[in-house]
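Undergrad: mind looking at a prediction? Sequence and model below.
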Amino acid sequence: MAENFSRWKEGLARSSKTAFGRLAGVFGATEIKPDTWDELEALLIQADLGMDTTESILESLRLAVRTRGLTRATELQSQLEAELRARLDAPPTLDFPSTPSVILLVGVNGSGKTTTIAKLGRRFADEGKRVLLVGADTFRAAAVDQLQVWTERLGLPIVAGQMGSDPGAVVYDGIKSAISKGYDMVLVDTAGRLHTRYNLMEELKKVHRVAGKALEGAPHDVWLVLDATTGQNALAQARAFKEAVGVTGVILAKLDSSARGGMAFAIQRELGLPILFAGLGEKPEDLTPFDPDAFVKGILAA
Ligand SMILES: Nc1nc2c(ncn2[C@@H]2O[C@H](COP(=O)(O)OP(=O)(O)O)[C@@H](O)[C@H]2O)c(=O)[nH]1
Ligand SMILES: [Mg+2]
């Protein structure tokens, strides 16, 4: 953890200074008082941990206070860190048995999908994999252009649809091309118009089916990109995507832009989905495997 902790700390500076920064005030008091609990509760909810996680943490802390006879507010601090850490799973080791392995990136417009695809493309390419990016967000000309710009910067190949073309057909062509050229990974950028959510979900289901026709077993993963600044709203989105296309993992983008950062806990508790990567900035190298230890220490860093 040590070597990239500074990156986490920097990326989480807004959260640690804003929502979690107020912990210093709570733990600064000498004795644990009724106010301590109220303040802690308000703070955790404002930090986007969600109601359930907040209540469960408070319950565990109260139990610790009773059973271990804690009386000083500062003693709660390390206990809180432990409680937070206990509520996050380390991401599973990624393995991609199929060649190519096809991964659909889904999420609402603006969540960070296209940027995340570029970052993932770079990461996998750095690991020595042959990566093909597929631009299947054909609803906005800008979406495909944006991915194209990234592929030029990163030197990665792309198969992209014309604006208005059928996203399923683009995905089919992309996968067939990856098979014939021997690529290891296919990363598919999809559309995310929220205002027609039903159509979006129907279309994603279709893209999912078409991928399976191009290559049995595809897509091998569906990764949901969530904007960490959208708070509890992101949970509702996640449920809808999970139901429609069987999300296998979450990527939390824009953690660096969020002043609250507690989303990760709510996602784990309420959706039971692993958090695979975190976006800690806009540059290609600013995507890092989710590290629960660094994350918890980062949000609590003074
Ligand atoms: N600060 C920050 N910005 C991000 C991150 N990921 C994406 N963005 C920005 O969020 C905006 C929307 O991203 P984009 O990839 O176009 O979202 P899409 O509509 O889901 O494809 C862009 O301005 C990105 O640069 C991140 O991890 N940190
Ligand atoms: Mg996009």
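TA: Arrived safely, thanks for sending. Ligands and ions are numbered 1, 2, ... in the order given.

Undergrad: enumerate every residue touching Gln232.
TA: By CB atoms under 8 Å, 6 or more residues apart in numbering, the contact set of Gln232 is Asp48, Gly50, Ala266. For the C-beta atoms, the positions are set from N, CA and C on the backbone; glycine is no exception.

Undergrad: do you know how far it is from Trp37?
TA: Using CB to CB, to the nearest Å, we find Gln232 at a distance of 22 Å from Trp37.

Undergrad: equivalent analysis for Pro292, please.
TA: 25 Å.

Undergrad: between those two, who's got more neighbours?
TA: Ranked by neighbour count (other CB atoms under 10 Å), Pro292 and Trp37 place Pro292 first, with 19 against 16.

Undergrad: that one and Ala90 touch, don't they?
TA: Yes - with contact defined as CB atoms under 8 Å, Pro292 reaches Ala90; the gap is 5.7 Å.

Undergrad: bridged to the closest residue to ligand 1 within the chain, which residues?
TA: Nearest to ligand 1, among the residues of the chain, is Gly279, at 2.3 Å (CB to the nearest ligand atom). Legend: beta-bridge partners of Gly279 under DSSP bridges are Leu287.

Undergrad: ok, back up a step: in helices, which of the contacts of Gln232 appear?
TA: Using DSSP state H, the members of the contacts of Gln232 that fall within helices are Ala266.

Undergrad: where's the residue lying farthest from the centre of the chain relative to Ala253, distance?
TA: The centre of the chain is farthest from one residue, Gly69, which by CA atoms, centre = their mean lies 38.0 Å away. Distance, Gly69 to Ala253, by CB to CB: 43 Å.

Undergrad: go on, Ala214?
TA: Note on Ala214: its distance to Ala253, by CB to CB, is 27 Å.

Undergrad: which of those two has more residues huddled nearby?
TA: Ala253 (28 against 20).

Undergrad: please list the residues of the stretch 1-150 of the chain that sit near ligand 2.
TA: Selection of the stretch 1-150 of the chain residues close to ligand 2 by CB under 5 Å from the ion yields Lys113, Thr114, Ala143.

Undergrad: would you turn those residues into TSV with secondary structure, distance to ligand 1 and pLDDT?
TA: Below are these laid out as TSV (DSSP: H, G, I helix; E, B strand; the rest coil; distance: CB to the nearest ligand atom, whole Å; pLDDT from 0 to 100):
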residue	secondary structure	distance to ligand 1	pLDDT
Lys113	helix	3	96
Thr114	helix	3	96
Ala143	helix	7	85
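
Undergrad: which residues of this structure lie near ligand 1?
TA: Within reach of ligand 1 by CB under 6 Å from any ligand atom, the chain has these residues: 107, 109-115, 146, 192, 253-254, 256-257, 279, 281-282, 286.

Undergrad: so which of those sit within strands?
TA: Those of the residues of the chain next to ligand 1 mapping onto strands are Ala253, Gly279, per DSSP state E.

Undergrad: list only buried entries from the residues of the chain next to ligand 1.
TA: Taking 16 or more other CB atoms under 10 Å as the criterion, what is buried in these is 107, 109, 111-115, 146, 192, 253-254, 256-257, 279, 281, 286.

Undergrad: three-state assignment of Val222?
TA: Three-state assignment for Val222 (DSSP: H, G, I helix; E, B strand; the rest coil): strand.

Undergrad: is it true that Asp189 touches Leu147?
TA: Yes - judged on CB under 8 Å, Asp189 makes contact with Leu147 at a distance of 5.5 Å.

Undergrad: between those two, who's got more neighbours?
TA: For Asp189 and Leu147, the more surrounded residue by other CB under 10 Å is Asp189, and the numbers stand at 30 against 26.
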